[in-house]
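[1] Below are the sequence and a predicted model; questions follow.
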Amino acid sequence: MTSMREEQDLPEIVACPNGPLLVRGNVRIVTPDGEPVPRDRRTVALCRCGVSTLKPYCDGTHKAINFRTE
Amino acid sequence: MLGASVPFRADVLYHRRARHFSSFAQVSGVPCEQTGGMQANDDVMRSATAPMIPPTPRGPASAALLDVLLEAAADPSRLVESVRAAMAATPDLLRDDDLQLTLFALYELQYGGIEGVDDRWEWDPTLLTARALIEERFEAELHAAIPTPALPEASAEAVAQALFDLTSADGGPSLSRFVAKKATDEQLHEFLMQRSIYTLKEADPHSWAIPRLRGRAKAALVEIQSDEYGGGRPGRVHSAIFARTMRGLGLDDRYGTYVDSVSALTLASLNMMSMFGLHRRLRGCIVGHLAAFEMTSSIPSRFYGNGFRRLGYGEDVTWYFDEHVEADAVHEQIAGRDLAGGLVESDPGLLADVMFGAAACLAVDGWAAGEVLDAWTAGRSSLRTPAQEQGQGQAREQEQARASVASLSQEPLPQAPLSQPLPA
């Protein structure tokens, strides 16, 4: 059984409605070959709509194409 | 090498004071030798901590304030009378140069301060009285001009969705598209000068809200601000990255250099953030403002970066914009759901303020951007004072000064043609 402290430390992924996957916490983001993807910030947003110019990260373009998850 | 700009700035200060203050003799002893001590500071510290040079007054109220601050006027109570008179005379506070500059200078005492001004003026009751007079009318005029959007249900998800809808429906003029496709090099210089008023203190007005929030909203604001302030790395502080962009175009990155060049509306944009941030009562407004700001940043930032790339600028210049494409795509999610939504869930009474703050951000920044676009499409400069006199001329001479650091101490400094008549 995990303690409350350990639970707080677990990484978290928020599936943002009509938007990206917001990733908080200690997660390695790697290419299909296992190479680390540069990560400049603690919390990152991963593209879910497929049209970002910064993949795997989100660049906000989902709004321009009216991407819907709901 | 950077130190070379400091004696030059002192020279500018001297020049301005000589023009605008009859009691110049009382203050002329301050600047030249003292400011030389800043030469040892590095880039980041220099732009972050140096107090701004005193702006040039734009009318009786701002002249009265600067007389008080620079201790040319013995009696600060005259300031309140000057402010009352200016308020009675103006039909439009949002676009009133004199009063927006007065408010801007009063707020600056709460931020980095003004060169040659005693820090104790920050909490002077007479100055705070003058500030409150302007703020009361400013807030009323904002509400009169900007309707509060329809209110969503008071849940985090509904608030986030309403804010995304509001910001994507914003039909304001697209300065970013103009910059991407058409702006000339001179216009890019103007664009950075205009932006410098807020961006050299990027994120600061919203930080006032941190101790006024609790729980989810507080954690969200700190998460965003931590990223804005570089996540512990001074070189990644957004305002410092912007200062690099300015230097990449040969502009002076010291806070306040271009204040005289920007319009009342550009000052009003920052003044509104300061007012929302400095009043706990308005914490809903500053939260809504930040959400709208973040939601309208990532896509335009890509366009801005493209404009600078189009004219051949490299990564040192475009980093600021490229950084915001990625960062603000993260921030807008946190700001919409956790910050604005979280605040409304814990305090439903703030829903209207959150939505108003977002609408006010879009409206005021839209007006200011529209002013710049109108000037450019009409073939005019967007600056109050021509870039030759106020900005690029200074920057060019600074570059020359930097190039001849070795000879600086022996030779007299060049005099920039700074003369700017006060508006009639």
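    Sure, I can see it.

[2] Now B:Ala162. Nearest residue, chain neighbours left out?
    The spatial neighbour of B:Ala162 that comes closest, neighbours along the chain excluded (C-beta to C-beta, 6 or more residues apart in numbering or on different chains), is B:Pro152 at 3.8 Å. Where you see a C-beta, it was placed from the backbone N, CA and C, and this is true even at glycine.

[3] Can you classify that neighbour as helix, strand or coil?
    Remark: B:Pro152 carries the secondary structure label coil [criterion: DSSP: H, G, I helix; E, B strand; the rest coil].

[4] Any idea how many residues pack against B:Asp92?
    Neighbours of B:Asp92 under the rule other C-beta atoms under 10 Å in any protein chain shown: 10.

[5] contacting residues for it?
    Residues touching B:Asp92, when contacts are defined by C-beta atoms under 8 Å, 6 or more residues apart in numbering or on different chains, comprise B:Glu141.

[6] B:Leu267 versus that one, what's the distance?
    For B:Asp92, the distance to B:Leu267 (C-beta to C-beta, to the nearest Å) stands at 14 Å.

[7] now swap in A:Thr43 and tell me
    Using C-beta to C-beta, one obtains 33 Å as the distance from A:Thr43 to B:Leu267.

[8] Kindly report the same for B:Gly305.
    Computed as C-beta to C-beta, the B:Gly305 to B:Leu267 distance reads 26 Å.

[9] Over to A:Asn26. Which of the three states is it?
    Per three-state DSSP, the secondary structure class of A:Asn26 is coil.

[10] can you count the residues close to the residue lying closest to it once chain neighbours are set aside?
    Across the structure, with C-beta to C-beta, 6+ apart as the measure, the residue nearest A:Asn26 apart from its sequence neighbours is A:Pro11 (5.8 Å). The burial count assigned to A:Pro11 is 10, neighbours taken as other C-beta under 10 Å.

[11] and if you look at B:Val83?
    Other residues near B:Val83 number 26, with proximity taken as other C-beta under 10 Å.

[12] Pull the contacting residues for the spatially closest residue to B:Ala160 that is not a sequence neighbour.
    The spatially closest residue to B:Ala160, leaving aside those adjacent along the chain, is B:Gly336, at 3.6 Å (C-beta to C-beta, 6+ apart). In this structure, B:Gly336 makes contact with B:Val159, B:Ala160, B:Leu163, B:Phe164, B:Ala291, B:Glu294, B:Met295, judged by C-beta under 8 Å, 6+ apart.

[13] What about those residues, which are in helices?
    When the contacts of B:Gly336 are checked against helices (DSSP state H), the matches are B:Val159, B:Ala160, B:Leu163, B:Phe164, B:Ala291, B:Glu294, B:Met295.

[14] any idea which of these has the most stuff around it?
    For those, the largest number of neighbours (other C-beta under 10 Å) sits with B:Ala291, at 33 neighbours.

[15] Would you mind confirming that that residue makes contact with B:Arg337?
    No - using C-beta atoms under 8 Å, B:Ala291 makes no contact with B:Arg337, being 9.3 Å away.

[16] number of nearby residues for B:Tyr313?
    Here the neighbour count serves as a burial measure; for B:Tyr313 (other C-beta under 10 Å) it reads 17.

[17] dump the residue contacts of it.
    Each residue near B:Tyr313 by C-beta under 8 Å, 6+ apart is listed here: B:Leu188, B:Gly248, B:Leu249.

[18] Could you point out which of those is nearest to B:Gly284?
    B:Leu188 (35.9 Å; C-beta to C-beta).

[19] Quick check: mean pLDDT of stretch B:156-168?
    Stretch B:156-168 shows an average pLDDT of 96 in the prediction.

[20] Measure how far that stretch is from the centre of its chain, please.
    Shown here is stretch B:156-168, whose average C-alpha point lies 26 Å from the average C-alpha point of the whole chain (C-alpha atoms, centre = their mean, to the nearest Å).

[21] Not counting sequence-adjacent ones, nearest residue to B:Leu267?
    Leaving out its chain neighbours, B:Leu267 is closest to B:Gln100 (C-beta to C-beta, 6+ apart), at 4.2 Å.
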